[in-house]
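[1] sequence below, structure please.
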Amino acid sequence: MRPLLKYGIPAAAGLATGGYAYSQGEDPGTSILAGTAGALGGAASLVGSRLAGKYAPVIAQQVQEKAITPMANVVGNIGANVPKESKFRNKAVGQIADVLAAAEQATIGPRAERTTGKITAGLGVPAGAGLAGLGGIALGAIPSSMGIPGFADQPIDPESYGSSNSPGARYKQTTGTAGISNYQR
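    Coordinates of the predicted model:
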């Protein structure tokens, strides 16, 4: 495989997933993890698409033997039992036979092998990179929940509102009327 494809596609997948995570408001550390996981997912999907292209003839032969040929035989038997003057025979059976013949041609030969690999790469690489990027975002949630710098948007302030150490919790708040209600005045 060409180095530009071997390294460029996973790098582009990593940049895309990391950039998208950052654009959706994720913190920098989580975005980096999403990009790294997206690059690894893109590389794994690329290897998977190469294997799919390699084993496409075997799979295509199995599909041909187990599905297409039996369906073509059933359609041929139906067409043989229908009178020749029937519109059903000319239209429906002929169209179904044409579809099955096209499927048979698509599953046999070197063209089918190249097509299967390209389809798998075209659909598999973005899907694999996206799912791996989601895994990177989930992984980034762990250090983010601990408040590790670079993973948390804002540092955790122990004296924030609602803390038991805040001045409002330690001292009673005074009011201007000191307990006199509006009805007593």
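[2] how about the nearest residue to Gly48, chain neighbours excluded?
    Spatial nearest neighbour of Gly48, excluding adjacent residues (C-beta to C-beta, 6 or more residues apart in numbering): Gly124 at 5.9 Å. Quick note: C-beta positions are derived from backbone N, CA and C, even for glycine.
[3] got a list of what that neighbour touches?
    With contact taken as C-beta atoms under 8 Å, 6 or more residues apart in numbering, Gly124 is in contact with 45, 48-49, 52.
[4] show me where this structure has helices.
    In the chain, the helices defined using DSSP state H lie at 3-23, 28-54, 56-63, 69-81, 87-88, 94-107, 110-146, 167-170.
[5] ranking those by burial, who's on top?
    When those are scored by mean count of other C-beta atoms under 10 Å, the highest mean neighbour count falls to helix 28-54 (a mean of 21).
[6] show me what that helix is packed against.
    helix 3-23, helix 110-146 (3 or more C-beta pairs under 8 Å, 6 or more residues apart in numbering; DSSP states H and E).
[7] how big is the angle separating that helix from helix 3-23?
    Angle of helix 28-54 versus helix 3-23, following axes from the mean of the first three to the mean of the last three C-alpha atoms, to 10 degrees, is 140 degrees.
[8] quick one: the helices of the chain as a markdown table, columns for distance to Ala152 and mean pLDDT too.
    Compiled in a markdown table, the helices of the chain are given as follows (distance: least, C-beta to C-beta, whole Å; pLDDT from 0 to 100):
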| stretch | distance to Ala152 | mean pLDDT |
| --- | --- | --- |
| helix 3-23 | 15 | 89 |
| helix 28-54 | 8 | 87 |
| helix 56-63 | 47 | 73 |
| helix 69-81 | 58 | 75 |
| helix 87-88 | 69 | 67 |
| helix 94-107 | 52 | 70 |
| helix 110-146 | 5 | 78 |
| helix 167-170 | 24 | 56 |
